[in-house]
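Novice: Predicted structure and sequence below. I'll ask about it afterward.
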Amino acid sequence: MKDFDFDNIGKQMPYRVPAGFFDEAKQRATNVCGEHAVTGRKVILRRTAAIVSAAAVLIGAAIVGIRLLDARHTAVDPEQYYASLLSEVSDDTLEELAGNYMEEISTDL
Amino acid sequence: METKEIMELLTDGATRERGFAALVDTYTEPLYWHIRRMVVRHDEAQDLLQEMWVRAWRGIGKLRGGSQELRPWLYAIATNLCLSRLRRRYMWRLMALEDVGRKLAESFETSADIDADSIEARFQKALLALPTKQRLVFNLRYYDELPYAEISRITGMSENTLKTDYHYAQKRIRELMTL
């Protein structure tokens, strides 16, 4: 059988491209310059924002943690605790409670 | 525009965009065909070509050497992208890069935009039967007509290895086309 001769086929290929493909591809490639410049700035801004956000979250978590630990280790003063509770009750309610208490005492007697 | 002129435009920050446009104008077609021959599918070649230009634009400021470095540099970016894509595409099948040609031949036969019975299609199928690196060397030498010294800069292979690979590739293709 006769040997294959490369010259018979040359550089022909069976591949095809859509019409106008190379013009579009060149346009897209040229647009890379402007896009990349913007993208570069965006990337820096995005990274800075991410670092700042992460730092804020960490600081917030640290503050909450410290407060929780403090609250756990602080002894509660009963007098202060009841005083704070009473300060939230109105004077009228206190008078009513006191009146009820006096009635109970007098009934017991 | 001559490569030397393009290089001069690229090295100056003020004219870099103009130089890049000239570079795109000169090399889009040959690089597309280089990529297409490696990955076969048009959509994939289109995607890799665009990625190649993005990388070229990002790296253009770091390009050292004279204008003779421009073409091998672009081809090296395109080649590395092709090989990475092929590795990634067939990695999950635990297929070595050297064996991907068989799978590419299958996708070649099922491509709607290819006349599978033509002599050009038979030639491409014979090419796809070669180990990937041998196919790469053959393409760069046969289609792009690059000198061995330049192919060596693109592939990192010695010129003697390239010559041997090209010789074996030719021999194998001749055998397959004679069958």
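Specialist: Ah, there it is.

Novice: can you tell me which residues contact the residue sitting nearest the centre point of chain B?
Specialist: Taking CA atoms, centre = their mean, the centroid of chain B lies closest to residue B:34, which sits 3.6 Å from it. Contacts for residue B:34 (CB atoms under 8 Å, 6 or more residues apart in numbering or on different chains) come out as B:75, B:78-79, B:139-140, B:143-144. Just so you know, the C-beta spots here come from the backbone N, C-alpha and C atoms, and that holds for glycine as well.

Novice: List the ones among those that fall in strands.
Specialist: In strands, judged by DSSP state E, none of those are found.

Novice: and which of those is nearest to chain A?
Specialist: Top of the list for closeness to chain A, among the contacts of residue B:34 and by CB to the nearest CB, is residue B:143 at 5.7 Å.

Novice: Could I get the pLDDT score of the closest one?
Specialist: Predicted confidence (pLDDT) for residue B:143: 96.

Novice: right, and the secondary structure at the closest residue to it other than its chain neighbours would be what?
Specialist: Nearest in space to residue B:143, with sequence neighbours left out and distances taken as CB to CB, 6 or more residues apart in numbering or on different chains, is residue A:11 at 5.7 Å. Of the three states, residue A:11 takes coil under DSSP: H, G, I helix; E, B strand; the rest coil.

Novice: returning to that earlier point: most surrounded residue in the contacts of residue B:34?
Specialist: Scoring the contacts of residue B:34 on neighbours with other CB atoms under 10 Å in any protein chain shown, the highest-scoring entry is residue B:78 at 26 neighbours.

Novice: Touching, it and residue B:52? I think so.
Specialist: Yes: between residue B:78 and residue B:52 there is a contact at 4.9 Å, judged by CB atoms under 8 Å.

Novice: residues shared between the contacts of those two?
Specialist: Common neighbours of residue B:78 and residue B:52 (CB under 8 Å, 6+ apart) are B:31, B:35.

Novice: on that earlier part again, now intersect the contacts of residue B:34 with the helices, please.
Specialist: B:75, B:78-79, B:139-140 (DSSP state H).

Novice: Would you tell me which helix is longest in the chain?
Specialist: Just so you know, I chose chain A. Chain A, longest helix under DSSP H: helix A:21-73.

Novice: wrong one, I was asking about chain B
Specialist: Per DSSP H, chain B has its longest helix at helix B:16-39.

Novice: Could I get the average pLDDT for that helix?
Specialist: On average, the pLDDT along helix B:16-39 is 95.

Novice: And stretch A:56-71, by the same measure?
Specialist: 83.

Novice: most distant residue from the middle of chain B?
Specialist: Outermost residue of chain B (CA atoms, centre = their mean): residue B:14, 30.6 Å.

Novice: Chain A versus residue B:108, what's the distance?
Specialist: Going from residue B:108 to chain A by CB to the nearest CB, to the nearest Å gives 8 Å.

Novice: Now name the helix or strand holding that residue.
Specialist: helix B:100-110 (DSSP states H and E).

Novice: Dump whichever helix or strand comes after that helix to PDB, restricted to CA.
Specialist: Downstream of helix B:100-110, the first helix or strand assigned by DSSP H and E is helix B:119-128. The C-alpha trace of helix B:119-128 is given here as PDB (Å, rounded to 0.1, in the frame of the first residue of the first chain):
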ATOM      1  CA  ILE B 119      -9.600  12.800   5.200                       C
ATOM      2  CA  GLU B 120      -9.000  15.800   7.500                       C
ATOM      3  CA  ALA B 121     -11.100  14.100  10.200                       C
ATOM      4  CA  ARG B 122      -9.200  10.800   9.800                       C
ATOM      5  CA  PHE B 123      -5.900  12.800  10.100                       C
ATOM      6  CA  GLN B 124      -7.100  14.400  13.400                       C
ATOM      7  CA  LYS B 125      -8.300  11.100  14.800                       C
ATOM      8  CA  ALA B 126      -4.800   9.700  14.000                       C
ATOM      9  CA  LEU B 127      -3.300  12.700  15.900                       C
ATOM     10  CA  LEU B 128      -5.600  12.000  18.800                       C
END
